[in-house]
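Participant: Next input, structure requested:
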Amino acid sequence: MKHLAPLVITFLALNAMAAVEVIYGPDNRQDVYQVANSLHRKLALSTAGMVSVSSFQKSSTPSFFDLAGIKTLESGQNICPNEAFSQQPTAATCSGFLVGPDTIVTAGHCYKSFATPDQVCRSFAWVFDLNMKSASHNPLRNIPATNIYLCKEIIQAELSATADFAVIKLDRPVVGREPLRFRTSGRISSSASLVVIGHPSGLPTKISPAGRVTKNNDPTRFSTTLDTFQGNSGSAVFDASSGMVEGILIQGKTDYIPSKQGDASSCLVVNKCDETGGNCLSGPDQGAVQWGEVVLRLDQVVPHIQRSLNKASR
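Facilitator: I've put the predicted structure just below:
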């Protein structure tokens, strides 16, 4: 793993360029323990964070691991100390979700930002329940081995103008959590209420509800007002009522801006837009993100998910 450090640095930079996001209206992000909705808490059980294997070390408790060398949001990303979650650790690089006994789906750029995605497969693990259990809980300590899974095989990874997804085969079936239901055809309703679950800015799992669809006429993607950040790449976007996965979070607006205008070295604050996706602090956006956070429709991923599931049944 001696070349892992520069790999991780390059990976984080590329990932940040591929998917940067924002807050729309009030900040709806919540830690799992704060969420009252039982369906959303159950969905969170089947979501995972992508974490560098070099960060793991054996815990003092047998069959448990700790994560070492992880910085807080403030110290690692120069976020102002009064910003939400500034003192929480940022261990996850991307987010993913379980669609079969041993199959994870995430964003394609989490693997395809490199010429050698197999190196990413070997260098990153998937961790479930990487979340805050209380306000004072340390999620970096005593992680059960049963929550940690390695990437065994990249079934399919694509990164293009129309596709950004990866289907990953894990090293063993996941225990104690159910694969998520996902849309296989048709489109989400433009009036649907949305929730996204993942690791914004690499933080412990956050559940962010109250998103809405802002653009729904593209055949491969739709836009939303979900509160997401770099690190949410690969997050499952759900219909908030049914719990069905509608797509994969792949792209968005600028995360943070300098707290002092014209001073790029000042600490950073969250970029904010109104609940229509306009009037952002960072100024107007061009391209797909002008309507908000971009979600890849899941229907083009379904054949590859099925291919992975068929491998599991042999």
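Participant: residues touching the closest residue to Met132 other than its chain neighbours, list them.
Facilitator: Among residues not flanking Met132 along the chain, Asp31 sits closest, at 4.3 Å (C-beta to C-beta, 6 or more residues apart in numbering). From N, CA and C alone the C-beta is placed, and that goes for glycine too. Contacts were defined as C-beta atoms under 8 Å, 6 or more residues apart in numbering; by that measure Asp31 touches 131-132, 204-207.
Participant: Over to Gly234?
Facilitator: Per C-beta under 8 Å, 6+ apart, neighbours of Gly234: 50, 94-97, 105-107, 110, 166, 198, 248-250.
Participant: Let me see the confidence value for it.
Facilitator: Per-residue confidence (pLDDT) for Gly234: 97.
Participant: tell me the phi and psi of it?
Facilitator: Taking degrees, to the nearest 10, you get phi 90, psi -10 for the backbone angles of Gly234.
Participant: circling back: so of the contacts of Asp31, which ones are in strands?
Facilitator: Using DSSP state E, 206-207 are the members of the contacts of Asp31 that sit in strands.
Participant: Count the residues that sit near Leu296.
Facilitator: Using other C-beta atoms under 10 Å, Leu296 is surrounded by 26 other residues.
Participant: Just the element for it, please.
Facilitator: In the assignment (DSSP states H and E), Leu296 maps to strand 293-297.
Participant: quick check: mean pLDDT across that strand?
Facilitator: If you average the pLDDT over strand 293-297, you get 95.
Participant: swap in stretch 120-133?
Facilitator: 97.
Participant: hmm, who's touching the longest strand anywhere in the chain?
Facilitator: In the chain, with assignment by DSSP E, the single longest strand is strand 148-159. Here strand 148-159 makes contact (C-beta under 8 Å, 6+ apart) with 48, 53, 56, 65, 102-104, 108-109, 111-113, 117-118, 120-122, 124-128, 164-172, 174, 304, 307-308, 311.
Participant: One more: stretch 114-128?
Facilitator: For stretch 114-128, contacts defined as C-beta under 8 Å, 6+ apart pick out 1, 4, 7-8, 10-11, 14, 45-54, 56, 91-93, 96, 104, 110-111, 143, 147-154, 157, 166, 168, 170, 174, 177.
Participant: Just the buried residues from these, in ChimeraX please.
Facilitator: Selection of buried members from those for ChimeraX, criterion 16 or more other C-beta atoms under 10 Å:
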select :4,7,8,11,45,46,47,48,49,50,51,52,54,56,91,92,93,96,104,110,111,143,147,148,149,151,154,157,166,168,170,174,177
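Participant: Now do the end-to-end distance for stretch 188-199.
Facilitator: End-to-end span of stretch 188-199 (C-alpha to C-alpha, to the nearest Å): 23 Å.
Participant: swap in stretch 32-50?
Facilitator: 18 Å.
Participant: Tell me how far that stretch lies from the chain's centre.
Facilitator: Remark: stretch 32-50 is offset 13 Å from the chain centroid, using C-alpha atoms, centre = their mean, to the nearest Å.
Participant: pretty sure Phe97 is touching Ala107, no?
Facilitator: No - Phe97 is beyond contact range of Ala107, at 11.0 Å (criterion: C-beta atoms under 8 Å).
Participant: pLDDT weak spots in this structure?
Facilitator: Along the chain, the model assigns pLDDT under 70 to residues 1-21, 115, 283-288, 312-314.
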